[in-house]
Each structure stands twice: as structure tokens, then as C-alpha cells.
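# quick one, fold the following:
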Amino acid sequence: MKGVVVAFKVTGGERSGWAVLHVSGELDLVTSPVLRQRIHDEVAEGRHSLVLDLSEVRFCDSSGVGVLIAARRLIRSCRGRLRLILPARGAVEDSHVNRVLGALGVRRLFDVYGDVTDAVDDGTEPLSA
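Coordinates of the predicted model:
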């Protein structure tokens, strides 16, 4: 039986002075180095306000969580800001990333928003953990 291949993609853009990376697919041992490099590239180019849109990430393992924690550390060392986008609770397909972060007890480390519009608006408060 053949496994289903889920394409992993990271696409970038900019909104309201924030670098926004849209991540889709599975964030695992094979794909997490791609995201790690992309985050490092953004920071190296001087973008220290970063939104990671993880709303289309269907699976995240410990290596993916490691990339998110390393990204938080990197951004904080630059006195920057990191925000995550995870689907709101009660969405038809609850966020796997949100469940994993919660199960590992690290969800509270991140400022989480429901969508890009809220994430780039400095007047919007993050969702509670």
C-alpha cells in the first residue's frame, strides 16, 4: 500500500511591516529543516517581525516543535516579534499543531492568532492558551 505524499510548502510575503510565512503540509523530521532555513533567511535579511501561518499544517512532530521553539529563541535574540497562526478552537479541523503544542506544555510560549489580519494588527490581543 502506497502512502499519500503531502506536499510541504513555505511561501512568503509581507503585510503591514511583518514578514509572513505560509506553511502547508506536514512539519516533520524531513521538512522541518526547510522551515528552519527559511526563518533564518528572513532574519538574516533584517525581518525581525515574523508571522508563521501554520493553519494548513496537517501534522507536526517533535522536530517541527523544535523549529518553532528555535525560531522563538532566534527572534527574541534580535528583539523581534514572532506570532503563530493556528485555526481557532472549534474549527471543523482543529489544529494539529495547537494540540501538539498544548500536549507538550509549550503553547503558552507563543502569541497565537486566528488569522493573518489579526496577527499583523498590533491592536489585536493573542488568543488565550
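# what is the least confident helix or strand in this structure?
The weakest-scoring helix or strand in the chain, judged by mean pLDDT, DSSP states H and E, is helix 96-103 (a mean of 89).
# same for the helix or strand following that helix, what does it pack against?
Toward the C-terminus, helix 96-103 is succeeded by strand 111-113 as the next helix or strand (DSSP states H and E). In terms of contacts (3 or more Cβ pairs under 8 Å, 6 or more residues apart in numbering; DSSP states H and E), strand 111-113 is packed against strand 81-85. In this view, the C-beta of every residue, glycine as well, is placed from N, C-alpha and C.
# and the strand it packs on, how far from the chain's centre?
Averaging C-alpha positions (Cα atoms, centre = their mean, to the nearest Å) puts strand 81-85 7 Å from its chain's average.
# CA-only coordinates of it in PDB, if you can.
What follows is strand 81-85, C-alpha atoms only, in PDB (Å, rounded to 0.1, in the frame of the first residue of the first chain):
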ATOM      1  CA  ARG A  81       8.400  39.500  17.400                       C
ATOM      2  CA  LEU A  82       7.000  36.100  16.500                       C
ATOM      3  CA  ARG A  83       3.400  35.300  16.000                       C
ATOM      4  CA  LEU A  84       1.800  32.000  15.000                       C
ATOM      5  CA  ILE A  85      -1.500  31.500  13.200                       C
END
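# sounds good, over and out.
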